[in-house]
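J.: Okay, structure incoming, though there's no sequence with it:
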C-alpha cells in the first residue's frame with residue numbers, strides 16, 4: 001500500500017505495510033541507538049510527510065521512538081527503495 005491509500009482508507013487496516021516514496025519523508029541525522037534487546041546500533045531520524053511523529057530507521061525497518069529517540073515499536077512504514085523487485 002502507498003501513503004495516499006493508507007491516509008485515505010475508509011476502513012482502516014491494523015498495521016498494513018505502507019511503502020514510502022523518497023518525496024514522502026525527510027531524513028535526519030544518524031545516531032547511535034539502543035534496540036529492544038539492548039543491542040547498540042545506528043539509527044537515522046525520519047519524518048513522514050503529514051505526520052507529527054519522529055521515526056527511527058534501523059536497517060530497513062522504521063520504528064516509532066521513545067523520548068530519547070531510541071526505537072520503541074515497529075512502524076507500518078517501509079522505504080520503497082528497500083523493496084526488492086524480481
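T.: Looks like it came in fine. All of these numbers come straight from a predicted model, not from anything done at the bench. Numbering: from 1, shown residues only.
J.: any weak-confidence spans in the protein?
T.: Within the chain, the ranges that satisfy pLDDT under 70 run 82-86.
J.: what ranges do the strands span in it?
T.: For the chain, the strands defined by DSSP state E occupy 18-20, 25-34, 40-48, 54-58, 61-65, 71-74, 77-79.
J.: what sits against the residue most central in space within the chain?
T.: With distances taken as CA atoms, centre = their mean, the chain has residue 62 as the residue nearest its mean C-alpha position (2.8 Å). Going by CB atoms under 8 Å, 6 or more residues apart in numbering, residue 62 touches 46, 55-56, 74-75, 77-79. Where C-beta positions appear, they are placed from N, C-alpha and C, glycine not excepted.
J.: Can you say which of the residues you listed are buried?
T.: Among the contacts of residue 62, those classed as buried by neighbour count (16 or more other CB atoms under 10 Å) are 46, 55-56, 75, 77-79.
J.: Turn the residues you listed into CSV, columns for distance to residue 13.
T.: Output for these, formatted as CSV (distance: CB to CB, whole Å):
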residue, distance to residue 13
46, 22
55, 19
56, 23
75, 14
77, 14
78, 15
79, 20
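J.: And these, which two are furthest apart?
T.: Greatest spacing in those, by CB to CB: 56 and 78 (13.4 Å).
J.: quick one: terminal-to-terminal distance for stretch 50-58?
T.: Its first and final residues considered, stretch 50-58 spans 21 Å by CA to CA, to the nearest Å.
J.: what comes up buried for it?
T.: For stretch 50-58, a neighbour-count test (16+ other CB under 10 Å) marks 55-58 as buried.
J.: Stretch 21-39 now?
T.: For stretch 21-39, using 16+ other CB under 10 Å, the buried residues are 24-25, 33.
J.: For residue 39, state which of those is nearest.
T.: Nearest to residue 39 among these, with distances taken as CB to CB, is residue 33, at 9.4 Å.
J.: Show me what the closest one bridges to in the sheet.
T.: residue 41 (DSSP bridges).
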